[in-house]
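Trainee: From the sequence below, what's the structure:
(one chain, ligands or ions: 2)
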Amino acid sequence: MTDKKPGFFKRLFGGDAAPEAEAQTPAPAQAAPEPEVPALTPDAVIAAPEAPEPAPIAEHVPVPGPPETTPDYVEEIEARAHSAAPVPATAAPVAAPEPKGWFARLASGLKRSSDQLTGSITSVFTKRKLDNATLEELEDILIQADLGMETATTITDTLRRDRFDRDVSGEDVRAVLAAEIEKVLGPVALPLEIDASQKPFIILMIGVNGSGKTTTIGKLAQKFADEGKSVMLAAGDTFRAAAIEQLQIWGDRTGAAVVSRPAGSDASGLAFDAVTQARTEGCDVLIIDTAGRLQNRDELMNELEKVIRVIKKVDPSAPHATLLTLDATTGQNALKQVEIFGQRAGVTGLVMTKLDGTARGGILVAIARRFGLPVHFIGVGESIGDLEAFTAADFAQAIAGRD
Ligand SMILES: Nc1nc2c(ncn2[C@@H]2O[C@H](COP(=O)(O)OP(=O)(O)O)[C@@H](O)[C@H]2O)c(=O)[nH]1
Ligand SMILES: [Mg+2]
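Mentor: Ligands and ions are numbered 1, 2, ... in the order given. As a prediction, this is how the structure comes out:
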C-alpha cells in the first residue's frame, strides 16, 4: 500500500491488484460469548463506562479446507487469491499525469472495460447492415462483458426494432448501449447519506477477502474528514495483526482515531468498544472494518451476525449503513456475494472496487438489475482519492466508450 498516486500508465493498463492471498482465514475455535451489555439505552451506556467483560481471546485454529461440495464461485475466488500476480514494477519512468477532471478519471479507470466492449462492437459493425447474424454477435459480446442476459437482450431488441436491415455504425450501437445501461443504473445510483442526527453514524464494511474493505474505509475516512466530520475507525478484522496495522495506517493518514484490540481478540467485543467510545467522544462517523469472509463459511458469517447483534445492543438503529465491497475483477462471482451477504448481513449499499484495470466492469449493470441495491461509490485505483461517487450517466458513457 502506498500513498503515491499511481502513474498514468498504471491507471490505464495496470492496477489489477492482487487480492490478499489468505488461503485460510483463522476462525475462533469456539464462539466467544457476546459481551454482556447492561442496558440498551444510549444514556445508560454512556453513563456506565465500564467496558463489558473483555471477551476472552478465542483460540484460533485454521478453518478446515472448503467442503467437498464447495461451489464453483468459491473455488474461483480462492484460485484468484492465489494466482493473481502482483503488479509488475515498471522500470520506465512515466511522466506525471495531467491533473484530470472527474469524467476523464472515470473514463481512464473504466478503460479496460470500455476498450473490450467497444473494440468488439466496432469490429462487428464496420460497414454492415443490421441482420440476425450481427445481432447475435452483439448479444454474445454484451453477455461476455458481464452485462447480464436481460440487458443484452434489451439492447439487441431495441436495435432490431429500430434499425433492422439498415446501416448501423459502432457509434450507433454504443449510443444504444449507453442509454440502456444508464436506464438500469439510474435508479441505483444513490449517494451515501450520512444522517447527522445519528452520532455516531455507524457504517459496517463487509465483503470477501481482498475486495477492498480496508482501502475503501481509508478513502471514505478522507472524504468525511474533508467534509469536516470527525471520523473513528474500528479495526474489526481482528484475525490478522497486519489488517489492524493497515487500518491504523489509514487512520494516521486521514487523521481518524482508530480503535483496536490485539490480534486474535473477539471482533464483536471490539465493535462494542468502538461504538461506545465513538458515542462518548461524540464522533460523527464510525466505520467498522471486518475480516474478509468467503460467503460459504458459515462460522464466519455467524461471527459477522454476532458483530451486528452487539452493535444493535448499543444502538438498535445501527449499523446505519452496511456497505458491501465488491471486487469488479471477480466478474460473475459478485452476484453470488451480493445474494449471500444480503441474506446474512442486510446489505444497504454497494461499493464496487477495482474498476480500473478490469474488463469486467459490466457486472455492475447485472448486479443493479438483479438486486436494485444502491451503489454509492466506485473504486478506480488504490490511492486515497480513487473513490468516486457513483453516477449512472457518467458510468454508462464511460463504459460505452463515449465522451
Ligand atoms: N486497483 C485498485 N486496487 C484496489 C482498489 N481498492 C482496493 N484495492 C487493492 O486491493 C487490495 C486489497 O484491498 P483491501 O482493502 O486490503 O481489501 P480487504 O481485504 O477487503 O480489506 C489492496 O492491494 C488494495 O490496494 C481499487 O479501487 N483499485
Ligand atoms: Mg481488510
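Trainee: Leaving out chain neighbours, which residue sits closest to the spatially most distant residue from the centre of the chain?
Mentor: Ranked by distance from the centre of the chain (CA atoms, centre = their mean), the top residue is D165, with 42.2 Å. Once flanking residues are discounted, D165 sits nearest to K129: 5.9 Å by CB to CB, 6 or more residues apart in numbering. Yep, even glycine has a C-beta here, placed from its N, CA and C like the rest.
Trainee: Show the contacting residues for that neighbour.
Mentor: Residues counted as contacts of K129 (CB atoms under 8 Å, 6 or more residues apart in numbering) are 165-168.
Trainee: just the residues you listed now: which is nearest ligand 1?
Mentor: V168 (34.7 Å; CB to the nearest ligand atom).
Trainee: Near the closest one, how many other residues are there?
Mentor: 23 (other CB atoms under 10 Å).
Trainee: For ligand 2, see how far away it is.
Mentor: Distance check for V168 against ligand 2: by CB to the ion, to the nearest Å, it reads 46 Å.
Trainee: Quick check: which ranges of this structure have low pLDDT?
Mentor: Within the chain, the set of residues satisfying pLDDT under 70 comprises 1-102, 127, 293-296.
Trainee: near ligand 2, which residues of it show up?
Mentor: Contact residues, the chain versus ligand 2 (CB under 5 Å from the ion): 213-214, 237, 243.
Trainee: Present the residues you listed as JSON lines; the columns should include secondary structure.
Mentor: Output for those, formatted as JSON lines (DSSP: H, G, I helix; E, B strand; the rest coil):
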{"residue": "K213", "secondary structure": "helix"}
{"residue": "T214", "secondary structure": "helix"}
{"residue": "D237", "secondary structure": "coil"}
{"residue": "A243", "secondary structure": "helix"}
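Trainee: Could you turn the buried ones of these into a ChimeraX selection?
Mentor: Burial among the residues of the chain next to ligand 2 is assessed by 16 or more other CB atoms under 10 Å; the matching ChimeraX selection reads:
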select :213,214,237,243
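Trainee: Which two of the residues of the chain next to ligand 2 have the greatest separation?
Mentor: K213 and A243 (9.3 Å; CB to CB).
Trainee: Quick check: neighbours shared by these two?
Mentor: 237, 289.
Trainee: need the contact list for the residue of the chain found nearest ligand 2.
Mentor: Here the residue of the chain nearest ligand 2 is T214; by CB to the ion that distance is 3.3 Å. By CB under 8 Å, 6+ apart, T214 lies in contact with 205, 237, 243, 246-247, 250, 289.
Trainee: ok, so of the residues you listed, who is nearest T158?
Mentor: Comparing the contacts of T214 against T158 with CB to CB places M205 closest, at 37.9 Å.
Trainee: Can you list phi and psi of that closest one for me?
Mentor: M205 has phi and psi values of phi -110, psi 120 when expressed as degrees, to the nearest 10.
Trainee: Please tell me I have it right and it contacts K213.
Mentor: Yes: between M205 and K213 a contact is recorded at 4.6 Å, counting by CB atoms under 8 Å.
Trainee: quick one: common contacting residues for the two?
Mentor: Contacts common to M205 and K213, judged by CB under 8 Å, 6+ apart, are 289-290, 325.
Trainee: neighbours around T322, how many?
Mentor: Each residue near T322 was counted by other CB under 10 Å, and the total is 23.
Trainee: thinking again about what came up before, just among the shared contacts of M205 and K213, which is most surrounded?
Mentor: Within those, D289 tops the neighbour count with 31 neighbours, counted by other CB under 10 Å.
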